[in-house]
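Chemist: build me a model:
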Amino acid sequence: MTPAQAIVAKELRSAYFSPIIYVVCAVFLVIFGVLSYIAVVNAGTQAIRLMQIQGLAAKINLNDLVFRPTFYSTAIILLLVLPILTMRSFAEEHKLKTFELLMTSPIGINHIVAGKFVAVFVIYLGMLALTGVVPVVLAMFNSFDWAPVFTGYLGLLLMGALFLAVGLLASAVTENQIIAAFLSFGILLSVWLMGALGSILGDTPVGNTIAYLSFIEHYDRLVRGLVDTKDLVYYASGILFMLFLTHRVVESDR
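Modeler: Reported below is the predicted structural model:
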């Protein structure tokens, strides 16, 4: 077992006995289910309205009426939930007085940072996998285009990974878990609002640059079924940059 794998196994064992993880997962899944149900009810209402007008069975687009609104709403939920998922990563090490032991172990800092990130990412993958029940069930009752659904989940995967990397950095900066959660939320919200600021500035070099730095614009294209290389590069570079900053913070503490 490599050092990084040892850290991943340790973090997953710790998460297994942590009630916070179960509460976060349960809240996320319940909210996702409620959002999906509201979107389905809204789609059904529109189908009935069209049937009354046209007199025929209306063909509704689940991608536009159900999945797209649900994906957009889920981004807001992740903004609130994922900082709680990562707040304990390094802050708990300080709380339990195990940070010094971890720093003096023969495990490199890069393995520590990578292991903690992979551990929370595995938990997040499990949360996303459970939400896959919704499109599977809807496919039994109505046909829809699976491509935007897959790209939407790809967007959730990449954006969630970026959120986790930011949360890991916030947890490394402070010894208090609550402060780490609020710091992560503040950073993510600020980057989100940069998209609105870019829209206000319009189609100018400054406006386009600021809008590009916001993750919501890249996520929007993926939800609409558009996979662009620059969006993938944005998320990959953002995740690596946040992990690099986390590495530097932990190394300075060492």
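
Chemist: going forward, measure contacts and count neighbours with C-alpha atoms only.
Modeler: OK.

Chemist: okay, helices next: where are they in the stretch 1-150 of the chain?
Modeler: 3-16, 19-54, 62, 68-86, 91-95, 99-103, 109-131, 133-139, 146-173 (DSSP state H, counting those that start in this stretch).

Chemist: list the residues that contact the residue most central in space within the chain.
Modeler: Taking C-alpha atoms, centre = their mean as the criterion, G160 is the residue nearest the geometric centre of the chain, at 1.9 Å. For G160, the contacting residues are L78, L82, Y124, by C-alpha atoms under 8 Å, 6 or more residues apart in numbering.

Chemist: who wins for neighbours among those?
Modeler: Using other C-alpha atoms under 10 Å as the neighbour criterion, L82 leads these with 25 neighbours.

Chemist: touching, that residue and L164? I think so.
Modeler: Yes: using C-alpha atoms under 8 Å, L82 is in contact with L164, at 6.4 Å.

Chemist: picking that back up, gap between the residue nearest to the centre of the chain and A75?
Modeler: 8 Å (C-alpha to C-alpha, to the nearest Å).

Chemist: same check, this time on I48
Modeler: 29 Å.

Chemist: ditto for E251
Modeler: 32 Å.

Chemist: which of the two has more neighbours?
Modeler: Legend: neighbour count by other C-alpha under 10 Å for E251 and A75, higher for A75 (17 against 13).

Chemist: nearest spatial neighbour of the more buried one, chain-adjacent residues omitted?
Modeler: Nearest non-adjacent residue to A75, counting by C-alpha to C-alpha, 6 or more residues apart in numbering: L156, 7.4 Å away.

Chemist: need the contact list for that neighbour.
Modeler: Counted by C-alpha under 8 Å, 6+ apart, L156 has contacts F71, A75, Y219.

Chemist: C25: which of those residues is nearest?
Modeler: A75 (14.9 Å; C-alpha to C-alpha).

Chemist: do you know the pLDDT at that closest one?
Modeler: A75 is assigned a pLDDT of 91 by the prediction.

Chemist: go on, I7?
Modeler: pLDDT, read off for I7, is 81.

Chemist: can you tell me how far it is from V166?
Modeler: 19 Å.

Chemist: can you pull the contacts of L128?
Modeler: So L128 contacts L157 (C-alpha under 8 Å, 6+ apart).
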